[in-house]
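Undergrad: fold the following for me, if possible:
(chains A, B, C and D)
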Number of protein chains: 4
Amino acid sequence: MKQETIDRIRKFTEDRDWDQFHSPSNLVKSIVIEAAELLECFQWDDDDFDEQHVKEELADVLVYSRNLLDRLGFDEDEIVNMKMDQNEKKYPVDKARGSSSKYNQL
Amino acid sequence: MKQETIDRIRKFTEDRDWDQFHSPSNLVKSIVIEAAELLECFQWDDDDFDEQHVKEELADVLVYSRNLLDRLGFDEDEIVNMKMDQNEKKYPVDKARGSSSKYNQL
Amino acid sequence: MKQETIDRIRKFTEDRDWDQFHSPSNLVKSIVIEAAELLECFQWDDDDFDEQHVKEELADVLVYSRNLLDRLGFDEDEIVNMKMDQNEKKYPVDKARGSSSKYNQL
Amino acid sequence: MKQETIDRIRKFTEDRDWDQFHSPSNLVKSIVIEAAELLECFQWDDDDFDEQHVKEELADVLVYSRNLLDRLGFDEDEIVNMKMDQNEKKYPVDKARGSSSKYNQL
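TA: Here you go, the predicted structure:
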């Protein structure tokens, strides 16, 4: 996400004095709620979905995720790279290639 | 997210030939599943949480969201700014300031 | 659910003195978490699922739903029938038959 | 749930010819979506919630859970008792009493 987009999200919250509602647990609930609204785009059909609706709900997930990163002072690249380190170990290429099995069943 | 982090996520999927599993609906289910694992960090207590665990689960949400952006060819900044345009109209500062009410109840 | 099954769930909570953790919002988070674990049975494949695993996760959803009914003093049949009254009005047979559209798009 | 309530749910689906949409994975997605709508009742406040709204969303979870039991031919009491057997072993009273820790951390 570009810095100006991040700044816009921050200003949006600040202008409305919404920081008081943005406890970590409230933001996490919000991420779940928006993720489920995204899932609703695929409730009865996996393939025939409304692209505009998907964009809006995915954007909501991303905005609340950004709010949570901000609230907890996490660096997005740092935590994603930390997790990718773990993923690369849990799913070595030679074992995981072409398989959707969970790491503990590879 | 930095370009090199995005590239790392893409290479991870490519190396494992996992693109075949990454249908939009499967990725959306995955975002929901990881968001709920994030919620599990707050299941019995809103305030006393394991920060490292939160980092890992939030990272999973971000990685699958990136996978979905890639799969659908969406630009993160574009969809977030489109949604922020909507949010700014739905929640005008003078009405929404200091309130957690939904836009249709402001 | 039979009365003896309901009683067993209640006794389980009571014996462990877990009522203190069973606030409505904690139970709701728990329902969501278990529902997402149920979804995980279908994460990469809609049709090839582990039936035993599905039974366990669905049971978890049902147990936490029962805990919530108890906590809030709701009668299961009463709330379900109240909702079915609404559903029958929102989805009249002649309009809804054979369609998966949401009521506001029928 | 009383037999007549179960019968009403079944007739509702049948009258609308909705069995075609009720694949196990679609019903599971629906349970998740409704559980998240239930969570939305507690999005910004854990204690001040709209009881009528909670009733409606919990009822939706229960109705889709009933649909899934029917679709898979599961007996509610059987699967719940099977899971309670597991829970009683995972959470022995003397270890679990008064603790919200997960079984693998007791």
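Undergrad: quick one: the residue nearest to A:Leu106 when sequence neighbours are not counted from chain C, how far?
TA: Leaving aside its chain neighbours, A:Leu106 sits nearest to A:Lys95 (4.6 Å; criterion: CB to CB, 6 or more residues apart in numbering or on different chains). C-beta here means a position set from N, CA and C on the backbone, and glycine is covered the same way. Counting by CB to the nearest CB, to the nearest Å, the gap from A:Lys95 to chain C is 16 Å.
Undergrad: regarding chain A, what is its longest helix?
TA: Counting by DSSP state H, the longest helix found in chain A is helix A:51-72.
Undergrad: anything in that helix near chain B?
TA: Yes. Shown here: helix A:51-72 in contact with chain B (CB under 8 Å from any CB of the partner chain) through A:51, A:54-56, A:58-63, A:65, A:68-69, A:72.
Undergrad: show the pLDDT at A:Asn104.
TA: On pLDDT, A:Asn104 comes in at 89.
Undergrad: and it, how many neighbours?
TA: The number of residues packed near A:Asn104 is 6, by other CB atoms under 10 Å in any protein chain shown.
Undergrad: can you list the weak-confidence ranges in chain A?
TA: Under the criterion pLDDT under 70, no range of chain A is flagged.
Undergrad: show me the contacts for the residue of chain A most remote from its centre.
TA: Most distant residue from the mean C-alpha position of chain A: A:Asp94, 28.2 Å away (CA atoms, centre = their mean). Going by CB atoms under 8 Å, 6 or more residues apart in numbering or on different chains, A:Asp94 touches no other residue.
Undergrad: helix, strand or coil: sort out it for me.
TA: helix (DSSP: H, G, I helix; E, B strand; the rest coil).
Undergrad: please apply the same query to A:Trp44.
TA: coil.
Undergrad: now A:Cys41. Its backbone dihedrals?
TA: phi -60, psi -20 (degrees, to the nearest 10).
Undergrad: hang on, isn't it packed against A:His53?
TA: Yes. Under the criterion of CB atoms under 8 Å, A:Cys41 makes contact with A:His53 at 5.2 Å.
Undergrad: neighbour count: the two, which is higher?
TA: Legend: neighbour count by other CB under 10 Å for A:Cys41 and A:His53, higher for A:Cys41 (21 against 13).
Undergrad: tell me the contacts of the more buried one?
TA: The contact partners of A:Cys41, by CB under 8 Å, 6+ apart, come to A:Phe49, A:Asp50, A:His53, A:Val54, A:Glu57, B:Val28.
Undergrad: make it 7 Å
TA: A:Phe49, A:Asp50, A:His53, A:Val54, A:Glu57 (CB atoms under 7 Å, 6 or more residues apart in numbering or on different chains).
Undergrad: backbone torsions only: list them for the first one.
TA: With angles defined as degrees, to the nearest 10, A:Phe49 sits at phi -120, psi 160.
Undergrad: separation between the nearest residue to it once chain neighbours are set aside and A:Glu34?
TA: Of all residues not flanking A:Phe49 in the chain, A:Cys41 sits nearest, at 4.8 Å (CB to CB, 6+ apart). According to CB to CB, to the nearest Å, A:Cys41 stands 12 Å off from A:Glu34.
Undergrad: what sits in contact with each of those two?
TA: Counting by CB under 7 Å, 6+ apart, the residues touching both A:Cys41 and A:Glu34 are A:Glu57.
Undergrad: can you dump the C-alpha coordinates of stretch A:82-90 into CSV?
TA: What follows is stretch A:82-90 as a C-alpha-only set of coordinates in CSV (Å, rounded to 0.1, in the frame of the first residue of the first chain):
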residue,chain,number,x,y,z
MET,A,82,8.6,-13.4,9.6
LYS,A,83,5.6,-15.6,8.6
MET,A,84,7.0,-16.4,5.2
ASP,A,85,10.2,-17.7,7.0
GLN,A,86,7.9,-20.1,8.9
ASN,A,87,5.9,-21.0,5.9
GLU,A,88,9.0,-21.9,3.8
LYS,A,89,10.2,-24.2,6.6
LYS,A,90,6.7,-25.8,7.2
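Undergrad: give me the buried positions along that stretch.
TA: A:Lys83, A:Met84, A:Asn87, A:Glu88 (16 or more other CB atoms under 10 Å in any protein chain shown).
Undergrad: sorry, back to before: the residue nearest to A:Leu106: neighbour count?
TA: Counted with other CB under 10 Å, A:Lys95 comes out at 12.
Undergrad: same deal with A:Leu106?
TA: Neighbour tally, A:Leu106, other CB under 10 Å: 12.
Undergrad: for A:Lys11, same thing?
TA: Count around A:Lys11 with other CB under 10 Å applied: 12.
Undergrad: now A:Ser101
TA: 11.
Undergrad: ok, for the residue in chain A that chain D sits nearest to, nearest residue in space, not its chain neighbours?
TA: Using CB to the nearest CB, the single residue of chain A nearest to chain D is A:Ala36, 3.2 Å away. With sequence-adjacent residues excluded and distances taken as CB to CB, 6+ apart, A:Ala36 is closest to D:Ala36, at 3.2 Å.
Undergrad: isn't A:Tyr103 up against A:Tyr91?
TA: Yes. Contact criterion CB atoms under 7 Å: A:Tyr103 and A:Tyr91 qualify, at 5.7 Å.
Undergrad: who has more neighbours, the two?
TA: Each of A:Tyr103 and A:Tyr91 has its neighbours counted (other CB under 10 Å); A:Tyr91 has more, 19 against 13.
Undergrad: tell me the SS of A:Thr13?
TA: A:Thr13 - assigned by three-state DSSP - is helix.
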